[in-house]
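Visitor: Okay, here's the prediction I keep looking at, along with the sequence it came from:
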Amino acid sequence: LVLIINQQTFYTDTSPELRPLLPETPLRDRCGSEKDLKALKELFSAFNYEVIEKNDLTHEEILLQVKAVSKMSLRYDGLIVCLLSHGFEGLFYGSNSVPVQIKDIKDLMTSRALLNKPKVLLIQACQGPVLQRSISIPLSNLEHDGPVTSGSTRADFLIFWSTVEGFASVRDTEKGTWFIQEFIEKVSQLHDSQHLLDICTAVNNDVSLKRGNKNECMVSKVESTFLKFFRFPSM
């Protein structure tokens, strides 16, 4: 199941209680977002996914819609949510210029209906006010939703966390940390056949299956801006 929330036109909510949440300057309409929407629909439809399209939702409507599809996911093998809007660090704007916390959206996607099912959150939105800068001359028709052009210094990063935010990382006082030990083992086993992101997925799986004496558990986390596959050399 795929939900695409496309925020293309914006207005300023006039409710006095929401005024402190509004951005300092009015949000501009996101020209070109309709092409993202079209391409996403074509892509997922080609895979025979069921695609739900929603346009220009308020902050409250966004949360209600994500909650609804999360419940619907009981009948599906997983959920992909695509968010297309203006944003700031950890925030995603409704059409009424009121932000939604990305954390709240993630929380809604962790419903029991999606237990042990894949959950993908694809976010097209700014995470800050400064554009990434390339060494080459920026293209004049690009606005604040993405990098200026190729060659960003932020590309080709992979961040692999031993645990997710807010939780401890387990270490065996005799054998070492669960995370590092599993990483070493999986690289040794898979480096000839798998690229790094696949190896990280294998590490995530094996770490998640571990349990301590008091049923301690953890899940590692990979964040990637890779533009190419990374392979370890043969031993």
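Guide: In hand now; what should we look at? For clarity, every value in this text was computed on a predicted model and none was experimentally measured. Numbering: from 1, shown residues only.
Visitor: only C-alpha atoms for contact and neighbour calcs from this point on.
Guide: Will do.
Visitor: so H59 makes contact with L91?
Guide: No - at 10.7 Å, H59 does not count as touching L91 under the criterion of CA atoms under 8 Å.
Visitor: Give the intersection of the neighbour lists for those two.
Guide: The overlap between the contact sets of H59 and L91 (CA atoms under 8 Å, 6 or more residues apart in numbering) consists of P99, V100.
Visitor: who's in contact with L190?
Guide: I199 are the contacts of L190 under CA under 8 Å, 6+ apart.
Visitor: So for it, what's the pLDDT?
Guide: Confidence at L190, expressed as pLDDT, is 92.
Visitor: Tell me how far it lies from S220.
Guide: As judged by CA to CA, to the nearest Å, L190 and S220 stand 18 Å apart.
Visitor: Mind telling me what element the nearest residue to M218 once chain neighbours are set aside is part of?
Guide: Once flanking residues are discounted, M218 sits nearest to S208: 5.6 Å by CA to CA, 6 or more residues apart in numbering. Here S208 is covered by helix 196-209, with elements defined by DSSP states H and E.
Visitor: Can you list the residue ranges for helices in this structure?
Guide: 33-46, 59-72, 102-108, 178-190, 196-209 (DSSP state H).
Visitor: Would you format the ones you listed as TSV with distance to N96 included?
Guide: TSV is the format used below for the helices of the chain (distance: least, CA to CA, whole Å):
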stretch	distance to N96
helix 33-46	17
helix 59-72	7
helix 102-108	17
helix 178-190	43
helix 196-209	38
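Visitor: mind checking which of those helices is nearest N215?
Guide: helix 196-209 (10.7 Å; CA to CA).
Visitor: for the record, mean pLDDT for the closest one?
Guide: Rounded mean pLDDT across helix 196-209 is 91.
Visitor: Give me the buried positions along it.
Guide: By 16 or more other CA atoms under 10 Å, the buried positions in helix 196-209 come out as L196, L197, D198, I199, C200, A202, V203, N204, D206, V207, S208.
Visitor: And those, which is closest to L108?
Guide: S208 (21.0 Å).
Visitor: My guess is that closest one contacts K221. True?
Guide: No - look at S208 against K221 with CA under 8 Å: they stay out of range, at 10.5 Å.
Visitor: Could you report the neighbour count for F10?
Guide: By other CA atoms under 10 Å, 22 other residues sit near F10.
Visitor: Kindly apply the preceding question to T110 instead.
Guide: T110, neighbours per other CA under 10 Å, totals 15.
Visitor: I'd like the distance between it and P20.
Guide: The value you get for T110 to P20, if CA to CA is used, is 29 Å.
Visitor: Likewise for N116?
Guide: 39 Å.
Visitor: Equivalent analysis for S234, please.
Guide: From S234 to P20 the distance is 57 Å (CA to CA).
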